[in-house]
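Asks: no sequence on this one, just coordinates:
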DNA sequence: CACTATTGTGAGCAATTATTCGGTTCTCCC
DNA sequence: GGGAGAACCGAATAATTGCTCACAATAGTG
């Protein structure tokens, strides 16, 4: 966090409470504006307007437009990582199926709050070096965890554990994204079940 | 094609050969420019420059910037649909695994030429009503084909064929995209194998 | 050749938008 | 209360860029 990209780093540290609140209002406004208009059409002036602050104030806390979305992404990533951590620590002493379901559920939960904003993040966000590395880091973390599991769990039957782990992590992430973005969230459950079923059959024998 | 969105429709029909060539040069230049700079930074002036025509000529054939990328997307979709059609008609009288491999291979082939441009199309393209509908159409087509197959193929064991078909089509499309975009195209083969394996195990009995 | 239709040109317009900066208002603390 | 720093303001700027239009060149036709 502290050693971030210069161009995305916050401009100054808030000393007073109201400053902290202003920062939060900017983020919250930005989330709404980006979700509604997309990144390109989500202008900084619109964000400031929605946050009911002046455009000048906005630039006191964020050096540029990219930095605002970068922080939004950053927070999302952290929440997601925490969710996986939590779900996994609850579910760990179970079957492979249970663990997979934990992964899938965590992904779903993490994306259910604001599908629109998530679409912007996934599809329109400017890809900074730093954020790309963070994303990759989380992905690698999950992949390694899963690969390790595939090598030691008694139910596991896969040979190429490295590729399998990557495939599973990728599939969960991408398919959940798409599913959430789709107009019909009614069949989230059946999708979850089929996905878990698919992955379980793939990784276990018989 | 003829009944397209007004805002994306070509401005006029070429009457002479050189006009047709100019159109092609614009498209080709645009593909390069978009692949290199992305959509937002791929300016129309840059495209005209690369095509070695004047900016005025560009606007004689495309009413606006979106229309250029729309045609690029449109062509890609058609090539993709044809690839699926072809692969399937070759492979049809085979096992479920063979058919699935056909799907996967078609998807891979369709994306292998220009990963950069494909990334732009998938991630930065402006989503017009018309194009969204076309994409959905192709997806539905494939899904229906697969669902029908799952209901009649002797190897099939799935109960919820509708959800399963959607899951499979979605998974193939998304994972192949991601795999192609990834820096290491060396393990395309192992990824293909694992994917086919996963889907086959999912859809067939033990 | 003369006339028309088609194609090509590129300077510049119009509009948008991220960002700055000179100045005001508020908070805190002595 | 008063002084200093923190927070806030918003009109103005600078730069970009999609796109037009008045004109020039070329191709087809009788």
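Replies: Nice, thanks for sending it over. Note that the structure is a prediction, hence the values are computed from the model and not measured.
Asks: Give me every residue in chain A lying close to DNA strand D.
Replies: By the rule CB under 7 Å from any atom of the strand, the part of chain A lying against DNA strand D is A:12, A:14-16, A:18-19, A:21-22, A:52-57, A:59-60. Yep, even glycine has a C-beta here, placed from its N, CA and C like the rest.
Asks: Buried ones among the residues you listed?
Replies: Neighbour-count burial (16 or more other CB atoms under 10 Å in any protein chain shown) applied to those gives A:22, A:53, A:57, A:60.
Asks: And the nearest residue to the third one once chain neighbours are set aside, how far from residue A:75?
Replies: If I follow you right, that is residue A:57. Leaving out its chain neighbours, the residue that sits closest to residue A:57 by CB to CB, 6 or more residues apart in numbering or on different chains is residue A:22, at 6.2 Å. Computed as CB to CB, to the nearest Å, the residue A:22 to residue A:75 distance reads 17 Å.
Asks: for residue A:160, same thing?
Replies: Computed with CB to CB, the distance linking residue A:160 and residue A:75 is 35 Å.
Asks: Just want to know which of the two has more residues nearby.
Replies: When residue A:160 and residue A:75 are compared on other CB atoms under 10 Å in any protein chain shown, the one with more neighbours turns out to be residue A:160, at 17 against 12.
Asks: shouldn't the more buried one be in contact with residue B:187?
Replies: No. Proximity of residue A:160 to residue B:187 does not meet the contact threshold set by CB atoms under 8 Å, at 9.6 Å.
Asks: returning to that earlier point: can you give me every residue that contacts the residue nearest to residue A:57?
Replies: By CB atoms under 8 Å, 6 or more residues apart in numbering or on different chains, the contact list for residue A:22 reads A:14, A:51, A:53, A:57, A:61.
Asks: Which one among these sits at the bottom for pLDDT?
Replies: Checked by pLDDT, the contacts of residue A:22 have residue A:14 as the lowest-scoring entry (83).
Asks: so is that residue in a helix, a strand, or just coil?
Replies: Assigned state for residue A:14: coil (three-state reduction, DSSP: H, G, I helix; E, B strand; the rest coil).
Asks: That one: what's its closest spatial neighbour, skipping adjacent residues?
Replies: residue A:20 (4.6 Å).
Asks: same thing with residue A:53?
Replies: Leaving aside its chain neighbours, residue A:53 sits nearest to residue A:22 (6.0 Å; criterion: CB to CB, 6+ apart).
Asks: Please confirm that the one you found is located within a helix.
Replies: Yes. Secondary structure assignment places residue A:22 in a helix (three-state DSSP).
Asks: per-residue confidence for it?
Replies: Per the predicted model, pLDDT is 97 at residue A:22.
Asks: Domain parsing of chain A, as residue ranges.
Replies: Here the domain assignment for chain A is A:3-65, A:69-204, based on automatic domain parsing.
Asks: Residue A:126: which element?
Replies: Under the assignment given by DSSP states H and E, residue A:126 is not contained in any helix or strand.
Asks: so how far is chain B from it?
Replies: The gap separating residue A:126 from chain B is 9 Å, by CB to the nearest CB, to the nearest Å.
Asks: Tell me where chain A is predicted with low confidence.
Replies: Low-confidence regions of chain A, defined here as pLDDT under 70, cover residues A:1-6, A:9-11, A:91-93, A:206.
Asks: Quick check: residues of it near chain B?
Replies: Where proximity means CB under 8 Å from any CB of the partner chain, the interface of chain A facing chain B comprises A:40, A:123-124, A:160, A:163-164, A:166-167, A:170-171, A:174-175, A:178-179, A:187, A:190-191, A:194-195, A:197-199, A:201-202, A:206.
Asks: now the buried ones among the residues of chain A next to DNA strand D as JSON lines including secondary structure?
Replies: Formatted as JSON lines, these follow (three-state DSSP):
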{"residue": "A:22", "secondary structure": "helix"}
{"residue": "A:53", "secondary structure": "coil"}
{"residue": "A:57", "secondary structure": "helix"}
{"residue": "A:60", "secondary structure": "helix"}
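Asks: Just flag the most distant two among those.
Replies: Using CB to CB, the two most remote members of those are A:53 and A:60, lying 9.5 Å apart.
Asks: got the contact list for the spatially most central residue of chain A?
Replies: With the centre of chain A defined as its mean C-alpha position, the nearest residue by CA atoms, centre = their mean is residue A:77, 4.2 Å away. With contacts defined as CB under 8 Å, 6+ apart, the neighbours of residue A:77 are A:134, A:135, A:138.
Asks: ok, of the residues you listed, which one's closest to DNA strand D?
Replies: For those, the residue nearest DNA strand D by CB to the nearest atom of the strand is residue A:135; the value is 25.8 Å.
Asks: doesn't that closest one fall inside a helix?
Replies: Yes. Assessed by three-state DSSP, residue A:135 belongs to a helix.
Asks: Leaving out the residues flanking it, which one is nearest to it?
Replies: In space, residue A:135 is closest to residue A:77, 6.7 Å off (CB to CB, 6+ apart).
Asks: now check the strand or helix carrying the one you found, is it near DNA strand C?
Replies: In this structure, residue A:77 sits in helix A:65-91 according to DSSP H and E. Yes. Using CB under 7 Å from any atom of the strand, we find that helix A:65-91 touches DNA strand C at residue A:65.
Asks: Please list the outside residues in contact with the next helix or strand after that helix.
Replies: Past helix A:65-91, heading to the C-terminal end, the next element that is a helix or strand (DSSP H and E) is helix A:96-112. The contact list for helix A:96-112 (CB under 8 Å, 6+ apart) reads A:76, A:79-80, A:83-84, A:86-88, A:90-92, A:118, A:142, A:146, A:149, A:153, A:155-156, A:168-169, A:172-173, A:176-177, A:179-180, A:188, A:192, A:195-196, A:199-200, A:203-204.
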